[in-house]
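Undergrad: Structure, please.
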Amino acid sequence: MVRSQLHFIIVLSLFILGACASKMKDKMKAYRETYALGEFTKAAELLKASDLKKDSKSQLLWHLESGTLALAQADETSAIAEFQTSLDLIDQLYTKKISAKAASFLINDASDVFYGASYERSYAHYFLAKAYYSRYLKSKNKLDLQGARGTILAWDSYFAELQRSAAPKTIYQTDLMLKVFGAEVHEVSEIRNDKQIALQLYKDALSILNTMGGAFDVFNTKSKDYIKEYEKALDEGTNTPGKSYVPTIAKENLKNFITYKILALTKEIRGTDYSVQVQQLKPTQEVLSKLTQPKSNVVLLLEEGLIPQKVGKPFNFGLRGAVDSVESPGAKAFIATVGTEIITAFAMNTLGMRPESFQTTGSFIFAHDVTRLAVQEAAISFELPMIETVPVPKDLDIVIRDSKNNLVKQEHLALISENGGIAKLVLEEDVVSRYVKTGTRVAVKHLIAIVAAMQIYQKLKGQGEFLAKTAAMATYVASSKGIAAFEKADTRQWTTLPQAFRMSELHLSPGDYQVGVVPRGAGPDQAAKQLGFIKVEESGKAIHTFKLINF
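TA: This is a model prediction of the structure:
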């Protein structure tokens with residue numbers, strides 16, 4: 001009697017935890033939708049009401065979201081404090097807690113501390129650098145510009161550490177946004193040494209685009225085939241591009257943008273190398289034409305959309321693979337007595353435990369040849385977080401009009417980084433590394449529940465097959481529901497992270513301008529989606545950032 005009461009209390013507690021998580025998820029959904037509408041004050045109220053701040057295991061997420069909101073409301077000082085705290089937490093979590101998590105077999109991700117995915121930890125650096133630079137535009141305090149430059153260096157160090165520690169090797173070894181935005185931040189200082197650094201960063205960006213870039217749909221129409229080739233190259237210790245790289249318009253656009261930047265800076269600070277670089281890079285006529293125009297003094301940075309949301313996707317795991325991991329003395333002894341075959345037969349025939357889904361898990365899984373996902377025997381189902389649908393960004397042009405609404409310029413917007421694709425790739429890689437560990441942990445819990453159900457079945461079998469089977473099923477169902485509530489996929493995420501970053505660079509005479517976007521190649525009479533206004537000063541180069549949530 002005491003045992004059954006204890007079992008009821010445990011199951012009830014798991015359901016309460018599940019209900020709390022569901023309530024939090026609903027509040028975060030409302031927060032995201034309000035943020036997408038640009039109602040940042042209301043979004044801040046919803047975030048505060050979400051209890052995220054009170055959740056001791058989601059502190060990193062709280063600071064990331066708070067920093068994003070502060071920056072959206074032009075409160076750079078608060079944003080700097082929030083993102084600096086985020087980076088301090090990231091450092092603390094990964095130096096003190098991640099090893100303990102990796103060693104633990106029992107910890108469920110959704111009930112553990114939010115560590116952030118690799119791309120979320122990466123972009124905390126971008127937003128801190130952006131906050132420093134935005135404050136610099138207002139204050140003209142060189143210390144803020146130095147803060148932005150220092151953050152770029154820390155961002156680069158983050159990826160250096162990620163490459164050293166990642167096991168297995170990840171395709172997401174660095175980020176185009178780090179290189180391109182980092183180069184722009186160094187370039188605006190007008191210091192020659194910083195421009196040398198900027199030039200190297202642009203060259204790095206071109207190399208990344210030609211190698212790692214092929215793994216993403218936005219740059220390569222055959223990205224799934226390319227992933228297999230590139231993953232093999234990484235396993236062999238090389239970084240050579242695969243053959244299955246069929247460039248998209250976005251890839252050619254970005255290549256032209258980076259090529260222009262390399263040649264423009266080379267022409268300015270390394271004039272003797274210019275002709276050699278032209279021969280090596282083979283720029284298009286469009287790029288060559290732009291190089292004859294006045295030096296660019298305006299950088300337009302567009303943060304587009306919101307990153308696709310994580311979902312819990314079901315996976316199957318065979319019970320046989322978890323038998324050896326059962327540590328409960330009673331369950332272990334019972335399994336040894338009746339045998340694994342009898343246990344799995346009981347699970348399949350009496351409890352009806354068969355694989356629920358044969359869905360694929362994405363191209364990266366097949367690149368690693370994880371064939372055991374499609375088990376045909378007694379199996380349990382569990383969830384892992386993934387991003388299944390990533391909308392393909394449109395190709396866009398930036399449109400500049402003067403204070404009299406006259407069209408001044410229309411240029412292509414280079415898509416620097418598509419974060420939905422990055423997130424999808426990173427989470428699929430994560431599935432490969434976590435599938436066996438998570439599946440085994442969940443399967444062990446189910447095995448213990450199956451043993452309990454089978455013991456009840458054997459005790460009651462003498463009173464009739466129907467009664468015994470019903471009691472066994474009721475026992476197992478109650479346990480399995482509790483397990484499912486506790487083992488929900490951890491779908492916490494930095495939900496206001498942009499889906500994509502775009503950039504354009506041009507020369508404008510001093511004055512006031514309005515900025516908008518249109519589909520690539522749109523005619524001069526097509527109405528543009530207005531982004532905002534900029535003021536171009538007499539001297540110096542400036543980076544102007546805009547948001548585009550819905551287009």
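
Undergrad: Show me the shaky parts of this structure.
TA: The chain contains residues with pLDDT under 70 at 1-24, 26, 95-110, 166-168, 355-377.

Undergrad: That one - how does it break down into domains?
TA: Listed domain ranges for the chain are 1-47, 311-388+425-486 (source: automatic domain parsing).

Undergrad: SS state for E190?
TA: Using DSSP: H, G, I helix; E, B strand; the rest coil, the structure places E190 in coil.

Undergrad: one step back: of the domains of the chain, which stretch is the most buried?
TA: Among the domains of the chain, ranked by average contacts under mean count of other C-beta atoms under 10 Å, first place goes to domain 311-388+425-486 (a mean of 18). Quick note: C-beta positions are derived from backbone N, CA and C, even for glycine.

Undergrad: What's the end-to-end length of that one?
TA: 16 Å (C-alpha to C-alpha, to the nearest Å).

Undergrad: that older thread, minimum distance to Y123: which of the domains of the chain has it?
TA: domain 311-388+425-486 (12.0 Å; C-beta to C-beta).

Undergrad: re the thing from before, who wins for proximity to G214 among the domains of the chain?
TA: The nearest among the domains of the chain, by C-beta to C-beta, is domain 311-388+425-486 at 11.7 Å.

Undergrad: Rebuild the domains of the chain as JSON lines, extending it with distance to L128.
TA: Formatted as JSON lines, the domains of the chain follow (distance: least, C-beta to C-beta, whole Å):
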{"stretch": "domain 1-47", "distance to L128": "19"}
{"stretch": "domain 311-388+425-486", "distance to L128": "21"}
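
Undergrad: and W155, which of these is closest to it?
TA: Among the domains of the chain, domain 311-388+425-486 comes nearest to W155, with 16.6 Å by C-beta to C-beta.

Undergrad: Give me the neighbour count for the nearest residue to Q59 once chain neighbours are set aside.
TA: Of all residues not flanking Q59 in the chain, L89 sits nearest, at 6.3 Å (C-beta to C-beta, 6 or more residues apart in numbering). The tally of other residues near L89 (other C-beta atoms under 10 Å) stands at 22.

Undergrad: which residues does L89 contact?
TA: Q59, L60, H63 (C-beta atoms under 8 Å, 6 or more residues apart in numbering).

Undergrad: Just give me the residue closest to the centre of this protein.
TA: Among the residues of the chain, the one closest to the centroid is A423, at 3.2 Å (C-alpha atoms, centre = their mean).

Undergrad: isn't there a strand covering that residue?
TA: No. Counting by three-state DSSP, A423 falls outside a strand, being helix.

Undergrad: Find the nearest non-adjacent residue to it, please.
TA: A423's closest residue in space is I387 (C-beta to C-beta, 6+ apart), at 5.1 Å.

Undergrad: The residue nearest to Q59: which element?
TA: Secondary structure from DSSP states H and E places L89 in helix 76-92.

Undergrad: cool, E65 as well?
TA: Using DSSP H and E, E65 sits in helix 59-72.

Undergrad: gap between that helix and the chain center?
TA: Distance of helix 59-72 from the chain centroid (C-alpha atoms, centre = their mean, to the nearest Å) equals 16 Å.

Undergrad: What lies in contact with that helix?
TA: 31, 35, 40, 43-44, 47, 52-53, 55, 76, 78-79, 82-83, 85-86, 89-90, 93, 113-116, 120, 124, 127-128, 130-131, 134, 492-497, 547.

Undergrad: rerun that using 6 Å as the cut-off
TA: 40, 44, 47, 52-53, 78-79, 82-83, 85-86, 89, 114, 116, 131, 492, 494, 496 (C-beta atoms under 6 Å, 6 or more residues apart in numbering).

Undergrad: Might you report the residue contacts of L508?
TA: By C-beta under 6 Å, 6+ apart, L508 lies in contact with V298, V536.

Undergrad: Could you pull out the helices in the stretch 401-550 of the chain for me?
TA: Secondary structure of the stretch 401-550 of the chain by DSSP state H, counting those that start in this stretch: the helices cover 419-460, 465-486.

Undergrad: rewinding a little: quick one: closest of the domains of the chain to E505.
TA: Closest among the domains of the chain, using C-beta to C-beta: domain 1-47, at 25.9 Å.

Undergrad: Please name the residues that touch L384.
TA: So L384 contacts F315, V431, A489 (C-beta under 6 Å, 6+ apart).

Undergrad: Kindly reformat those residues as JSON lines and extend each row with distance to R164.
TA: As requested, the contacts of L384 are arranged in JSON lines below (distance: C-beta to C-beta, whole Å):
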{"residue": "F315", "distance to R164": "29"}
{"residue": "V431", "distance to R164": "22"}
{"residue": "A489", "distance to R164": "28"}
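
Undergrad: And these, which is closest to A468?
TA: The closest of the contacts of L384, once distances to A468 are taken by C-beta to C-beta, is F315, at 31.4 Å.

Undergrad: hang on, the closest one is in a strand, isn't it?
TA: Yes. Applying three-state DSSP, one finds F315 inside a strand.

Undergrad: where does stretch 496-516 sit relative to the chain's centre, distance-wise?
TA: Taking mean C-alpha positions (C-alpha atoms, centre = their mean), stretch 496-516 and its chain are 24 Å apart.

Undergrad: typo on my end, stretch 288-308
TA: Here stretch 288-308 is found 24 Å from its chain centre; the criterion is C-alpha atoms, centre = their mean.

Undergrad: repeat for stretch 476-484
TA: 31 Å.

Undergrad: again with stretch 270-284
TA: Centroid separation for stretch 270-284 versus its chain: 36 Å, with C-alpha atoms, centre = their mean.

Undergrad: got the contact list for that stretch?
TA: N256, T259, L263, T266, K267.

Undergrad: Going by neighbour count, which residues of it are buried?
TA: For stretch 270-284, a neighbour-count test (16 or more other C-beta atoms under 10 Å) marks Y274, Q277, V278, L281, P283 as buried.

Undergrad: what's the distance between the closest residue to G420 other than its chain neighbours and V338?
TA: Using C-beta to C-beta, 6+ apart and skipping the chain neighbours, the partner closest in space to G420 is V390 (3.9 Å). Using C-beta to C-beta, to the nearest Å, V390 is found at 47 Å from V338.

Undergrad: Which residue ranges of the stretch 201-350 of the chain form strands?
TA: 298-304, 311-318 (DSSP state E, counting those that start in this stretch).

Undergrad: What pairs with the first one, parallel or antiparallel?
TA: In other words, strand 298-304. Neighbouring strands of strand 298-304 in its sheet, by DSSP bridges, are strand 500-506 (antiparallel), strand 542-548 (parallel).

Undergrad: Show me the contact partners of that strand.
TA: Contacts of strand 298-304 (C-beta under 6 Å, 6+ apart): 184, 398, 498-500, 502-506, 508, 543-548.

Undergrad: ok, 8 Å please
TA: Contacts of strand 298-304 (C-beta under 8 Å, 6+ apart): 181, 184, 188, 393, 396, 398, 413, 498-508, 515, 517, 531, 534, 536, 541-549, 551.

Undergrad: coming back round to it: just want the angle from the helix holding E65 to strand 542-548.
TA: Put simply, helix 59-72 runs at 110 degrees to strand 542-548, going by axes from the mean of the first three to the mean of the last three C-alpha atoms, to 10 degrees.
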